[in-house]
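**Q** When you get a sec, could you give me coordinates for this:
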Amino acid sequence: MFGLGMPELIVILVIVVIIFGAGKLPEIGSGIGKGISNFKKATREGADESARLEKETKNDESKKA
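**A** Residues are numbered from 1 along each chain as shown. So this is what the prediction gives:
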């Protein structure tokens, strides 16, 4: 996992708690989760749109031939 071991992860966690405080961590986690969810949704919609356009292009080409 990016060459990070347990000691490095603990140091990072301690720094995050010091900077943001323990009360903000759930809000930060929720925000990150929503961001990831929105990114996946947008990626999925983009792939669907791309597939639809490709299908339409093939249909148009077959009608011309």
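**Q** Could you check how far Ala22 is from Val11?
**A** 17 Å (C-beta to C-beta, to the nearest Å). For every residue, glycine as well, the C-beta is placed using N, CA and C.
**Q** Going by contacts, tell me the helices and strands next to the worst-scoring helix or strand of the chain on mean pLDDT.
**A** When the helices and strands of the chain are scored by mean pLDDT, DSSP states H and E, helix 25-64 comes last with a mean of 87. In terms of contacts (3 or more C-beta pairs under 8 Å, 6 or more residues apart in numbering; DSSP states H and E), helix 25-64 is packed against helix 6-20.
**Q** Distance from the chain centre to the helix it packs on, please.
**A** 23 Å (C-alpha atoms, centre = their mean, to the nearest Å).
**Q** Kindly export it (C-alpha atoms) in CSV.
**A** Once non-C-alpha atoms are left out, helix 6-20 reads as follows in CSV (Å, rounded to 0.1, in the frame of the first residue of the first chain):
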residue,chain,number,x,y,z
MET,A,6,1.8,0.7,10.4
PRO,A,7,4.2,3.2,12.1
GLU,A,8,3.8,5.7,9.2
LEU,A,9,0.0,5.3,9.2
ILE,A,10,-0.1,6.0,12.9
VAL,A,11,2.0,9.1,12.5
ILE,A,12,-0.3,10.4,9.8
LEU,A,13,-3.4,9.7,11.9
VAL,A,14,-1.9,11.5,14.9
ILE,A,15,-1.0,14.5,12.7
VAL,A,16,-4.6,14.6,11.2
VAL,A,17,-6.1,14.4,14.7
ILE,A,18,-3.9,17.3,15.9
ILE,A,19,-4.7,19.4,12.9
PHE,A,20,-8.5,18.8,12.6
